[in-house]
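Colleague: any chance you can model this:
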Amino acid sequence: MSDFKISETTTFNDVVKNKAETVGDKVFLTYVRDFDKEIDERYTYRDIHLYSNRMANGLKKFGMKPGVGLSLMEINSPEFLFTLFGTWKLGGYAVLINTALKGVTLQYIIDHSDSEILVINWSMIDAYLDIKDELPKIKHVIVEINEAPPDFKLPEGMISLQELMESPDDDIEAEIDFEEKCYLMYTSGTTGPPKATTFYYKKTYAGNALQTASGLIRLFLGGGDDVMLTCLPLFHGNALQITTMPGYLTETPVVLSKRFSASRHWDICRKYNVTSFNLLGAMPQFMLKQPERPNDGENKVKLIISAACPKELVIPFEKRFNVEIKEFYGAVDGGGYILGPFFQKNVPVGSMGKPLGGSKAGIMDDEGNLLGSEEVGELVFLVNRGEVEMRKVTYYKDESSTKDKIREANDGNLWLHTGDLATMDAGGWFYFVDRKKDSIRRRGENISPWSVERVINQHEKVLESAAYAVQPAGIVEDEVMVSVVLKPGESMTPKELLDYCQGKMAYFQVPRFIDFVEKLPKSEVHRTLKQVLKDKGVTESTYDREQAGYEVKK
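Modeller: Numbers count the residues shown, from 1 in each chain. Have a look, this model is predicted:
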């Protein structure tokens, strides 16, 4: 492994050139273009350097330079990385966009980000055409047409990414402004317009989270035969910041697939000798609900990093697939603070660990008071006053949210607020509860949707569920509603579900409204889009236990 040192003034071009010169022939990226058809592609460090040079030289013709924004709306692909790397080599900034977005939200992000260039996959071009008249700042549109059907026609005035990449692969000479931003990541915007977490050149490659992730890879995956897999979208922090970029820096090969497939996941791991991957949300649940196979435990995986895996699934998952799960906590707008079980013994099942790197975390109520063990509150991290600038989270063009992220509490200290609910036990171990914005407030009681879902999802007939707050007409406070997806071939009545819930959850947690649905709306990282369900709310087909006269025992 190269001993190249990265500092706050190291340019990305320096990093990529060094990799090409020192480990140029080593394969960094294996792209699974079509697993069923056995189509994949391999790219060495030298390939990455030269292809990103082509992209940079092409983008330069369109005015890419420090301070110029490029919105990137692309599937998991090598072209995503070539575009990102090419932008960084020129000192511009990339705006990473969720590929499922359309309409108002998509228009808001592209316009709010001040992007002048749009790189978009051919399959999403209609989403752009629907809003293009409301995007006056966009000067150039580049369409990635790999895998486009033969009858696809490039709209007038646009250029294909493939044509752009016919530019020369000459090395890039560019002055980098280290005070400039290098990329923006937008939140989901559940409680208002999406907010853009801003990353700067001076902090990104030597930044806290990236270096911590790289350090953990060196520690746990230091062998020459290690391979990491990500099936999560590259526009998401997990795939980019926890797998791809740390893998690149540590020279650990990465296998990239287009999307998560519960039925193919372990076959991909076996074919490409994967030794590590990450899990999010409902992924372990879907994998466990796949039909058991004799070779379930036959794999080389030795490290799985998980976020919010239900406690009751950890041991069954580990036993069935012959692996070890390490629960972990980190956030795109978390100031580089991380919780993990690393370097600890006797880690409680389901805990996301303790603060790493000598940092301190706590649980806080809405009034700014630190809470004791076993109490539910917001997860916060102590910010030393000498580290405020280093830990600062900047939201693009949102000074109010930026100031609100780190603030003084009643103990006189500065704390970074995560927006996540958690608990801490007497041993200092932290446990994820839910997103604070998803919490349900019913008759003076705070209810975690996650705790309701955990009970319902354990029913043998249930595939998955979502709990959320609704306020039907005439009701001035939250009521608990659930949407439930049953396993194929199963049937269930609302009464059957309510009977099951009683005794397994507090009386005030038992849902009032129930919808049985074919599927739940999902994001690209397999998180349930609860705002979609909230917006739909109570309909004529929704079961109302109070209207039905069903009584919950207290």
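Colleague: drop to CA atoms for contacts and neighbour counts, all remaining ones
Modeller: Will do.
Colleague: run through the residues that contact the closest residue to residue 173 other than its chain neighbours.
Modeller: Leaving aside its sequence neighbours, residue 173 sits nearest to residue 90 (C-alpha to C-alpha, 6 or more residues apart in numbering; 7.9 Å). Applying C-alpha atoms under 8 Å, 6 or more residues apart in numbering to residue 90 gives the contacts 56, 60, 64-66, 172-176.
Colleague: and what of residue 538?
Modeller: By C-alpha under 8 Å, 6+ apart, the residues touching residue 538 are 470, 472, 513.
Colleague: residue 267 versus that one, what's the distance?
Modeller: 41 Å (C-alpha to C-alpha, to the nearest Å).
Colleague: just the pLDDT at residue 531, thanks.
Modeller: Residue 531 is assigned 86 on the pLDDT scale.
Colleague: can you give me the distance of the residue nearest to residue 490 when sequence neighbours are not counted to residue 216?
Modeller: In space, and not counting its chain neighbours, residue 490 is closest to residue 461: 6.1 Å by C-alpha to C-alpha, 6+ apart. According to C-alpha to C-alpha, residue 461 stands 39 Å off from residue 216.
Colleague: low-confidence stretches in the chain?
Modeller: By pLDDT under 70, the low-scoring segments of the chain are 1-3, 188-192, 204-213, 219, 222-223, 444, 474-476.
Colleague: pull the residues that contact the biggest helix by length in it.
Modeller: Counting by DSSP state H, the longest helix found in the chain is helix 45-60. Outside helix 45-60, the residues within contact range by C-alpha under 8 Å, 6+ apart are 16-17, 19-21, 23-28, 81-83, 85-87, 89-90, 164-172.
Colleague: so which of these belong to helices?
Modeller: Taking DSSP H, the ones among the contacts of helix 45-60 that sit in helices are 16-17, 19-21, 23, 81-83, 85-87, 89, 164.
Colleague: would you format those residues as a markdown table with distance to residue 424 and neighbour count included?
Modeller: As requested, the ones in helices among the contacts of helix 45-60 are exported to a markdown table (distance: C-alpha to C-alpha, whole Å; neighbours: other C-alpha atoms under 10 Å):
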| residue | distance to residue 424 | neighbour count |
| --- | --- | --- |
| 16 | 42 | 22 |
| 17 | 45 | 18 |
| 19 | 42 | 23 |
| 20 | 45 | 18 |
| 21 | 47 | 13 |
| 23 | 44 | 16 |
| 81 | 39 | 19 |
| 82 | 42 | 22 |
| 83 | 42 | 25 |
| 85 | 40 | 23 |
| 86 | 43 | 30 |
| 87 | 42 | 29 |
| 89 | 43 | 30 |
| 164 | 52 | 19 |
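Colleague: quick one on the thing from earlier: and which of the contacts of residue 538 is nearest residue 456?
Modeller: The closest of these to residue 456 turns out to be residue 513 (C-alpha to C-alpha; 13.7 Å).
Colleague: so that closest one versus residue 468, what's the distance?
Modeller: Distance, residue 513 to residue 468, by C-alpha to C-alpha: 10 Å.
Colleague: which neighbours do the two share?
Modeller: 480-482.
Colleague: who wins for neighbours among those?
Modeller: Counting neighbours by other C-alpha atoms under 10 Å, the top entry in those is residue 481, with 29 neighbours.
Colleague: tell me the SS of that residue?
Modeller: strand (DSSP: H, G, I helix; E, B strand; the rest coil).
Colleague: pull the contacting residues for residue 139.
Modeller: 116-117.
Colleague: circling back to that earlier point, quick check on the contacts of residue 538: which are buried?
Modeller: Buried subset of these (neighbour count, 16 or more other C-alpha atoms under 10 Å): 470, 513.
Colleague: coming back round to it: show me which of the shared contacts of residue 513 and residue 468 is closest to residue 296.
Modeller: Looking across those and measuring by C-alpha to C-alpha, the closest to residue 296 is residue 482, at 32.3 Å.
Colleague: roughly how far apart are the closest one and residue 313?
Modeller: 21 Å.
Colleague: can I see the domain layout of the chain?
Modeller: As given by automatic domain parsing, the domain ranges for the chain are 45-200, 357-435, 439-548.
Colleague: deepest of these, which one?
Modeller: Using mean count of other C-alpha atoms under 10 Å, the stretch among these with the largest mean neighbour count is domain 45-200, at a mean of 19.
Colleague: how far does that one sit from its chain's centre?
Modeller: Remark: domain 45-200 is offset 19 Å from the chain centroid, using C-alpha atoms, centre = their mean, to the nearest Å.
Colleague: quick check: end-to-end length of that domain?
Modeller: In domain 45-200, first residue to last residue: 24 Å (C-alpha to C-alpha).
Colleague: what does stretch 358-375 give?
Modeller: 23 Å.
Colleague: contact partners of that stretch?
Modeller: Contacts of stretch 358-375 (C-alpha under 8 Å, 6+ apart): 337, 355, 376-382, 409-411, 422-426, 428.
Colleague: just stretch 520-533 next, same as before
Modeller: 98-100, 190, 232-233, 236, 280-283, 465-466, 468, 483, 485.
Colleague: how far off centre is it?
Modeller: 13 Å.
Colleague: repeat that for stretch 6-22.
Modeller: 26 Å.
Colleague: list the buried residues in it.
Modeller: 6, 10-13, 15-20.
Colleague: outside of stretch 336-354 itself, list whatever touches it.
Modeller: By C-alpha under 8 Å, 6+ apart, stretch 336-354 touches 207-210, 307-312, 314, 326-331, 355-356, 359, 381, 391, 428-432.
Colleague: and for stretch 124-132?
Modeller: Identification of contacts with stretch 124-132 by C-alpha under 8 Å, 6+ apart yields 73, 99, 101-103, 107, 143.
Colleague: switch to 10 Å and redo it
Modeller: With contacts defined as C-alpha atoms under 10 Å, 6 or more residues apart in numbering, stretch 124-132 is touched by 73-75, 99-104, 106-108, 110, 118-120, 134-135, 138, 141, 143-144, 154-155.
Colleague: could you export that stretch as CSV, CA atoms only?
Modeller: The C-alpha trace of stretch 124-132 is given here as CSV (Å, rounded to 0.1, in the frame of the first residue of the first chain):
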residue,chain,number,x,y,z
MET,A,124,-34.3,9.6,-16.2
ILE,A,125,-34.4,12.1,-19.0
ASP,A,126,-38.2,12.5,-18.9
ALA,A,127,-38.0,13.7,-15.3
TYR,A,128,-35.7,16.5,-16.5
LEU,A,129,-37.7,17.4,-19.5
ASP,A,130,-40.8,17.8,-17.3
ILE,A,131,-39.1,20.6,-15.4
LYS,A,132,-36.4,22.0,-17.7
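Colleague: A helix includes residue 305, no?
Modeller: No. Under three-state DSSP, residue 305 sits outside any helix and is assigned strand.
Colleague: ok, now which ones touch the nearest residue to it once chain neighbours are set aside?
Modeller: With C-alpha to C-alpha, 6+ apart as the criterion, residue 305 has its nearest non-adjacent residue at 4.7 Å, and that residue is residue 278. By C-alpha under 10 Å, 6+ apart, the contact list for residue 278 reads 228-232, 238-239, 242-243, 303-307, 325-328.
Colleague: can you show me the helices along the stretch 101-250 of the chain?
Modeller: Taking DSSP state H, counting those that start in this stretch, the helices of the stretch 101-250 of the chain run over residues 103-112, 125-129, 161-164, 201-204, 208-220, 237, 245-250.
Colleague: distance-wise, check residue 144 relative to residue 244.
Modeller: The separation that residue 144 has from residue 244, given C-alpha to C-alpha, amounts to 21 Å.
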